[in-house]
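Asker: Got a predicted model here, sequence first, then my questions.
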Amino acid sequence: EVQLVESGGGLVQAGGSLTLSCAAPGFAFDDYAIGWFRQAPGKEREGITCGESSTGRTYYADSVKGRFTISIDNAKNMVYLQMNSLKPEDTAVYHCAAPCGSSLMWYDYWGQGTQVTVSS
């Protein structure tokens, strides 16, 4: 069973930055892609990024492209989401999830999430 544990959320002002971490012990990074989705209250789940450790390919939703960066540290079994130029509309619970693909819409496993709140 895949276990994913997120951390690093918090309250940040608009324009600020935050880095989320996801511990993924035992995850087969060489075989599957891993990414992040978010969900705000009353809104649908939004896939925001997916990264393939084996190829280096990354995919991003238009809403975060150029502001967010996914990185994978296989040796530490960690996945990171660097978020810059944050906007109030980025406020959501962020979940690490796998496996994922270029569509950013399919996941079998995800963690409990970490809250990100961006104040205006």
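Answerer: Arrived safely.
Asker: And the residue nearest the centre of the chain, which helix or strand is it part of?
Answerer: The centre of the chain sits closest to residue 36, judged by CA atoms, centre = their mean, with a distance of 2.7 Å. Assigned by DSSP states H and E, residue 36 falls within strand 34-39.
Asker: so what strands line up beside that strand?
Answerer: Using DSSP bridges, strand 34-39 pairs in its sheet with strand 46-51 (antiparallel), strand 92-98 (antiparallel).
Asker: hey, C-alpha coordinates of that strand in PDB?
Answerer: In PDB, the C-alpha atoms belonging to strand 34-39 read as follows (Å, rounded to 0.1, in the frame of the first residue of the first chain):
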ATOM      1  CA  ILE A  34       3.600  11.300  -8.700                       C
ATOM      2  CA  GLY A  35       2.100  14.700  -8.300                       C
ATOM      3  CA  TRP A  36      -0.200  17.100  -6.500                       C
ATOM      4  CA  PHE A  37      -3.800  18.100  -6.600                       C
ATOM      5  CA  ARG A  38      -5.700  20.600  -4.600                       C
ATOM      6  CA  GLN A  39      -9.300  21.100  -3.400                       C
END
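Asker: ok, and what's touching it?
Answerer: Contacts with strand 34-39, where a contact means CB atoms under 8 Å, 6 or more residues apart in numbering, come from 20, 22, 24, 27, 45-51, 53, 59, 70, 72, 79, 81, 90, 92-100, 104, 107, 110, 113, 116. C-beta coordinates here come from the backbone N, C-alpha and C atoms, glycine included.
Asker: Make a ChimeraX selection of whichever of those residues turn out to be buried.
Answerer: Buried residues among those (16 or more other CB atoms under 10 Å), as a ChimeraX selection:
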select :20,22,24,27,45,46,47,48,49,50,51,53,59,70,72,79,81,90,92,93,94,95,96,97,98,99,100,104,107,110,113,116
